[in-house]
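Visitor: Would you be able to build a 3D model of this:
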Amino acid sequence: MSDQPPDQTAQCFYCQATPALLCEACGLVSVCGESHGRIHRPSGSCLPFTVENRPGKGNVIVAVRDIKPFETIILDRPAIVGPFDDTNPRCLECYQAASVSAYQCTKCNLPLCGPQCEGGPTHAPECEVLRAAAPPIAVEDQDNCHPVYSAVAPLRMLHVMRTSPDTWEQVDRLMDHLEERRKEERWNFIREDVLPFFGERCGFVCEPDMVERIIGIFRTNSVKWEDKSKGLCHPIGHALCPLFSMMCHSCVNNTRYTQTLAGEMIVRAAKHIPKGEEITTQYRGPNTGNILRRPDFPANWLFSCDCPRCTDPTELGTMASTMICAGCQEPCLLPASSVLDCVWRCTNCQTEETQENVTKVVQALEIELDVFPYSASPEAWEDLLRKFQQRLHEDHFICMKTKRILLQIYGAREGYKLEQMPRQLLDRKIALCRNYIDIFSRLEPGYRAWKGRLLEELLGPLTITVNQDMEDEKINKLQYILRYKEIVRMVKEAAQCRQFEERDKDDEIIGKFYQLWMKPLQDGSRD
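Guide: Okay, the predicted model is just below:
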């Protein structure tokens, strides 16, 4: 930062305090001091965002300049990582499963995986408090969760509050929704089973209101965390990343976040983000229609989503929740407005249905899909899809889930591998892939990991069919080159999309199978 005196009228990009000093490196934001300077430049590069207070939303993160796809926007680390509420006995130092009949911490009596984990820095904050419990804590049931695990995260955050004031200052800016949470029946568990670990049993001096606020912050803002050193999909609990947590949700978000092997949370642009646009993340994936997605937001995060998808009964023209009307048998039954519990009305014949009845039908069909055996034949899956389309729009989210399974079966299952399939099925796989990409590119625009995988699914059948058409003289040389260029474009886009995805070291961008089919295509283009 500059040695010049701070501008008495300039506001800090993060906390809006004055005076603040303009960043000499980028000249785009001002900072009030070293701690917020480190937020802006965590690793020698300026991050392209500022914090604004917007009516009806509070603090939001906004692009301070145009941001290109794949640019890093936020770099953050967890203030704490805590176990899930429903955690079965596990070591609180290394997060390995622990037996209640094996090793226990000699100080606090909690299960650990062995003496090597006793006294470790991760377990130390709760151990320091829980060792004073009277009577001593006893975790005796191997197959059920113990309420002490719900006390671990707030104890760790109280330790942060005492020892890392800069980190706590970031955490303390987050919302807790405590007033609403205290009205929930499940909050009784906090009052009756968790809070007693602090004062009554351990004699730990702290304000109960502060403990509840910490729990509220954690439940509102934490994300699932994994131990990447043990490979992909190894969840160990929830993490609270204070800067990342300032991002608001949008079902049509413009970023992708990734947990790195170094234990950082990195947020990158999934599409071009113009200066002044809010930078958003996504609390729920795009695969489920609004009929089931929207109620989750007030239930789990205590807000109602007003993003472009949620306020559009057609869900951006995808018809992801639209039903077949019982009156006219047309796929035209959809919500009459953007109000959450509104009546459903057919746009063709004005027949109406209640939200409750529509939800029951959708839930029953989703269960039917969930229990349908994956090992069933492609013909059986096609029959199931046709059955769903008698009740649902052809692009309803349940139909799209079924199509996703079908397009994966075609080309992978024995008897249906690409080289075994007739032209009709190759064309079917191509149509399924194109339809899926079209629908979900509207729901999740930009470069996405799922899109990279779908483009890769397309490469094989497109390569086979273009060669067949050339050999059968159904296309001329110019048409062949144009289709070849489309495939090359897909290869490049797939590689870009998969940048967001951690992959095995031997997993190449296209894969040997697709390279096999690309070679004759490349050879043919040179003739």
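Visitor: Could you check how far residue 404 is from residue 426?
Guide: For residue 404, the distance to residue 426 (C-beta to C-beta, to the nearest Å) stands at 18 Å. In short, each C-beta sits where N, CA and C put it, glycine included.
Visitor: likewise residue 249?
Guide: 40 Å.
Visitor: Could you check which of the two has the larger neighbour count?
Guide: The residue with more neighbours, out of residue 249 and residue 426, is residue 426; 19 against 15, by other C-beta atoms under 10 Å.
Visitor: what's the distance between the helix or strand hosting the more buried one and the middle of its chain?
Guide: Here residue 426, judged by DSSP states H and E, is contained in helix 423-443. Distance of helix 423-443 from its chain centroid, counting by C-alpha atoms, centre = their mean, to the nearest Å, is 24 Å.
Visitor: Give the rounded mean pLDDT of that helix.
Guide: Here helix 423-443 scores 98 as its mean pLDDT.
Visitor: One more: stretch 270-286?
Guide: Rounded mean pLDDT across stretch 270-286 is 96.
Visitor: Tell me who's in contact with residue 461.
Guide: 411, 418, 426-427, 429-430, 433 (C-beta atoms under 8 Å, 6 or more residues apart in numbering).
Visitor: ok, 7 Å please
Guide: By C-beta atoms under 7 Å, 6 or more residues apart in numbering, residue 461 lies in contact with 411, 418, 426, 429-430.
Visitor: go on, residue 437?
Guide: So residue 437 contacts 451, 454 (C-beta under 7 Å, 6+ apart).
Visitor: Listing request: residues of the stretch 301-450 of the chain with sub-threshold pLDDT.
Guide: Applying pLDDT under 70 to the stretch 301-450 of the chain picks out no residues at all.
Visitor: Show the residue spans covered by the strands in it.
Guide: 333-335, 344-346, 352-353 (DSSP state E, counting those that start in this stretch).
Visitor: Does anything pack onto the first one? Which helices or strands?
Guide: If you count contacts as 3 or more C-beta pairs under 7 Å, 6 or more residues apart in numbering; DSSP states H and E, strand 333-335 packs onto strand 344-346.
Visitor: ok now the strand it packs on, how far from the chain's centre?
Guide: 31 Å.
Visitor: repeat for stretch 303-311
Guide: Centre to centre, stretch against its chain (C-alpha atoms, centre = their mean), the figure for stretch 303-311 is 17 Å.
Visitor: Show me what counts as buried in that stretch.
Guide: By 16 or more other C-beta atoms under 10 Å, the buried positions in stretch 303-311 come out as 303, 305, 307, 309-310.
Visitor: Would you convert the residues you listed into CSV that also reports distance to residue 127?
Guide: As requested, these are arranged in CSV below (distance: C-beta to C-beta, whole Å):
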residue, distance to residue 127
303, 36
305, 40
307, 43
309, 46
310, 44
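Visitor: farthest-separated two in those residues?
Guide: 303 and 309 (15.0 Å; C-beta to C-beta).
Visitor: you'd agree residue 195 is up against residue 209?
Guide: No - counting by C-beta atoms under 7 Å, residue 209 is not a contact partner of residue 195; they are 10.3 Å apart.
Visitor: Who has more neighbours out of these two?
Guide: Neighbours per residue (other C-beta under 10 Å) separate residue 195 from residue 209, with residue 195 holding more: 20 against 9.
Visitor: I'd like to know how far that one sits from residue 89.
Guide: Relative to residue 89, and taking C-beta to C-beta, residue 195 is found at 22 Å.
Visitor: quick one, phi/psi of residue 131?
Guide: As for residue 131, its main-chain torsions (degrees, to the nearest 10) stand at phi -60, psi -20.
Visitor: The one 3 residues further on too?
Guide: According to degrees, to the nearest 10, the main-chain angles of residue 134 amount to phi -130, psi 120.
Visitor: report the longest helix in the chain, please.
Guide: helix 449-471 (DSSP state H).
Visitor: pLDDT of the next helix or strand along the chain from that one, averaged?
Guide: Downstream of helix 449-471, the first helix or strand assigned by DSSP H and E is helix 477-497. Across helix 477-497, the average pLDDT comes to 93.
Visitor: Quick one: list the elements packing against helix 477-497.
Guide: helix 449-471, helix 512-526.
Visitor: 6 Å instead, please
Guide: helix 449-471 (3 or more C-beta pairs under 6 Å, 6 or more residues apart in numbering; DSSP states H and E).
Visitor: Before I go, just wanted to say thanks for your time.
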